[in-house]
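A.B. asks: Sequence first, then the predicted structure, then my questions.
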Amino acid sequence: MSEDSRFIIRDRNWHPKAFTPDYKTSIARSPRQALVSIPQSISETTGPDFTHLKMGKHDNDLLLNFNNGGLPIGERILVCGRVMDQYGKPIPHTFVEMWQANAGGRYRHKNDRYLAPLDPNFGGVGRALTDSEGNYSFRTVKPGPYPWRNGPNDWRPAHIHFSISGPSISTKLITQLYFEGDPLIPLCPIVKSIANPDAVQTLIAKLDMSMANPMDCLAYRFDIVLRGQRKTHFENC
């Protein structure tokens with residue numbers, strides 16, 4: 001990579017502060033000393049190359065990739081979008097991972113003690129490679145909200161976690177997708193840690209009827225921007 005094509009530094013005023021006491025786990029996780037700036041080297045600005053990664057037939061289809069004789073319970077949806085760089089250029093053949101709770105709001109994780117039952121036909125994880133134009137898609141069920149031990153009655157809005165590798169290690173992004181119209185979004189302490197309302201909007205997937213499968217699935221569009229002025233918010237959790 002040439003010297004004049006380095007990635008734009010993340011704007012720390014766009015992302016939430018590390019210490020946000022209303023989001024209680026940030027108290028223990030936030031750094032006690034000033035951050036140290038490390039110059040980008042070739043190891044941060046190149047690779048890895050995912051073009052040879054072998055993907056399973058149903059890796060991006062959460063309705064089928066944990067099938068145990070039936071289909072998952074819940075609202076069937078498509079989540080699709082485009083991964084772009086800071087200049088709006090699509091990022092092809094990059095690795096996109098996602099994980100989520102089931103329709104009842106429970107994760108398939110040993111530490112999840114929520115009372116909602118596990119779905120025997122839903123694993124809650126998927127992965128995909130973007131195509132030549134940076135597009136990705138997942139078929140899944142809409143996750144349910146769930147309570148969490150932050151305040152007396154705090155609930156997480158329905159959300160899906162995303163991890164996007166981008167063209168290099170320095171563009172790695174971990175974030176969350178929310179769904180437009182969810183009344184829990186403005187009440188969530190994690191969302192409220194983001195001061196800029198425009199940044200919050202980058203996390204909200206919009207209903208896209210043009211991408212829906214008639215008589216099958218509604219679709220939500222979630223475009224992801226890595227670095228730069230239009231970047232998607234970086235998760236603080």
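C.D. replies: Thanks, I have it.
A.B. asks: Give me the helix or strand of the protein that scores worst on average pLDDT.
C.D. replies: helix 42-45 (a mean of 78; mean pLDDT, DSSP states H and E).
A.B. asks: Can you spell out which helices and strands pack onto the helix or strand following that one?
C.D. replies: The helix or strand immediately downstream of helix 42-45 is strand 76-84, counting by DSSP states H and E. The elements that strand 76-84 packs onto, with contact taken as 3 or more CB pairs under 8 Å, 6 or more residues apart in numbering; DSSP states H and E, are strand 135-141, strand 218-221, strand 224-225. The C-beta positions use only the backbone N, C-alpha and C, and glycine is treated the same way.
A.B. asks: how far does the shortest one sit from the chain's center?
C.D. replies: Its chain's C-alpha centre and that of strand 224-225 lie 10 Å apart, by CA atoms, centre = their mean, to the nearest Å.
A.B. asks: Show the average pLDDT along that strand.
C.D. replies: In this model, strand 224-225 has a mean pLDDT of 94.
A.B. asks: Pull up the pairing partners for it, direction included.
C.D. replies: strand 76-84 (parallel) (DSSP bridges).
A.B. asks: Identify all contacting residues around whichever helix or strand comes after the strand it pairs with.
C.D. replies: Once the chain leaves strand 76-84, the next helix or strand it forms, by DSSP H and E, is strand 95-100. With contact meaning CB atoms under 8 Å, 6 or more residues apart in numbering, strand 95-100 is reached by 50, 53, 62, 79, 83, 107, 124-130, 136, 138, 140, 143, 159-165.
A.B. asks: now do 7 Å
C.D. replies: Applying CB atoms under 7 Å, 6 or more residues apart in numbering, the contact partners of strand 95-100 are 50, 53, 83, 124-130, 136, 138, 140, 143, 160-165.
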